[in-house]
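In: The following block contains a protein sequence and its predicted model.
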Amino acid sequence: DAGVIQSPRHEVTEMGQEVTLRCKPISGHNSLFWYRQTMMRGLELLIYFNNNVPIDDSGMPEDRFSAKMPNASFSTLKIQPSEPRDSAVYFCASSFWQVGAEQYFGPGTRLTVT
Amino acid sequence: DQQVKQNSPSLSVQEGRISILNCDYTNSMFDYFLWYKKYPAEGPTFLISISSIKDKNEDGRFTVFLNKSAKHLSLHIVPSQPGDSAVYFCAASAQNYGGSQGNLIFGKGTKLSVKP
């Protein structure tokens, strides 16, 4: 299996622009997670989906952030408009939702907003 | 308030010796614990886990110990190798308490350096 695929790997954009991060989970997994990693806050969960349905989005920092999962093999995280404080590494992870299931992470997208 | 704490941001160990990474948690509903390893420019990778019904789980050079009364777990790496140099994250989940099943709460990580 190719593992969790994220694109792009690096994104540099100017403040105010829209940013879309993409994720393809591992085939057969039914849970998908979006995380953000910063030096100050470490690895924090933004939102997660079970069977394509958003379950908990309490970690989404503001209305500028939105996430969708239109089908079992694709998810997007959108920031509109972007701000310099959104600069971070964004990880997508997937798992098969059951007791004891570990999450498998993608390589991350490094976002820089200037 | 952090529910999962890794109080040591870094640890340096000589090759061949034991590495001990510590993690504390505050939520008594956590019943499943995991350790992840992260190399630069890569995503975290699963290393080892332990359920709250156990107090020890071993996988090769890696052993995780759980002390529920102290709300403390530790990861032991014996013997440590230079390739073990990475950031290690502790994570916890409340698997059996509904709602957030599958959701993991991560610590901030400990950077391990194993010197040859």
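Out: Nice, I can see it. Residues are numbered from 1 along each chain as shown, chains lettered A, B, ... in the order given.

In: Okay, now the sheet partners of the least confident helix or strand in chain B by mean pLDDT, with direction.
Out: Sorting the helices and strands of chain B by mean pLDDT, DSSP states H and E puts strand B:105-106 at the bottom, at a mean of 90. The strands beside strand B:105-106 in its sheet (DSSP bridges) come out as strand B:86-93 (antiparallel).

In: Which parts of chain A are strands?
Out: For chain A, the strands defined by DSSP state E cover A:5-7, A:10-13, A:19-24, A:31-38, A:42-50, A:53-56, A:65-71, A:74-79, A:88-95, A:104-105, A:109-113.

In: Any chance of the ones you listed in JSON lines with mean pLDDT, distance to chain B and mean neighbour count as columns?
Out: C-betas here are computed from N, CA, C, even on glycine. Shown next, in JSON lines, are the strands of chain A (pLDDT from 0 to 100; distance: least, Cβ to the nearest Cβ, whole Å; neighbours: other Cβ atoms under 10 Å in any protein chain shown):
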{"stretch": "strand A:5-7", "mean pLDDT": "97", "distance to chain B": "8", "mean neighbour count": "17"}
{"stretch": "strand A:10-13", "mean pLDDT": "97", "distance to chain B": "10", "mean neighbour count": "14"}
{"stretch": "strand A:19-24", "mean pLDDT": "98", "distance to chain B": "11", "mean neighbour count": "19"}
{"stretch": "strand A:31-38", "mean pLDDT": "94", "distance to chain B": "5", "mean neighbour count": "23"}
{"stretch": "strand A:42-50", "mean pLDDT": "91", "distance to chain B": "4", "mean neighbour count": "21"}
{"stretch": "strand A:53-56", "mean pLDDT": "90", "distance to chain B": "6", "mean neighbour count": "14"}
{"stretch": "strand A:65-71", "mean pLDDT": "97", "distance to chain B": "15", "mean neighbour count": "15"}
{"stretch": "strand A:74-79", "mean pLDDT": "98", "distance to chain B": "15", "mean neighbour count": "19"}
{"stretch": "strand A:88-95", "mean pLDDT": "96", "distance to chain B": "5", "mean neighbour count": "24"}
{"stretch": "strand A:104-105", "mean pLDDT": "94", "distance to chain B": "3", "mean neighbour count": "22"}
{"stretch": "strand A:109-113", "mean pLDDT": "97", "distance to chain B": "8", "mean neighbour count": "18"}
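
In: could you dump those to a markdown table with distance to residue B:79?
Out: Output for the strands of chain A, formatted as a markdown table (distance: least, Cβ to Cβ, whole Å):
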| stretch | distance to residue B:79 |
| --- | --- |
| strand A:5-7 | 34 |
| strand A:10-13 | 37 |
| strand A:19-24 | 37 |
| strand A:31-38 | 30 |
| strand A:42-50 | 28 |
| strand A:53-56 | 40 |
| strand A:65-71 | 43 |
| strand A:74-79 | 41 |
| strand A:88-95 | 30 |
| strand A:104-105 | 27 |
| strand A:109-113 | 34 |
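
In: right, and these - which one's nearest residue B:82?
Out: When the strands of chain A are compared by Cβ to Cβ, strand A:104-105 sits nearest residue B:82, at 23.1 Å.

In: for residue A:88, what are its contacts?
Out: With contacts defined as Cβ atoms under 8 Å, 6 or more residues apart in numbering or on different chains, residue A:88 is in contact with A:36, A:37, A:38, A:111.
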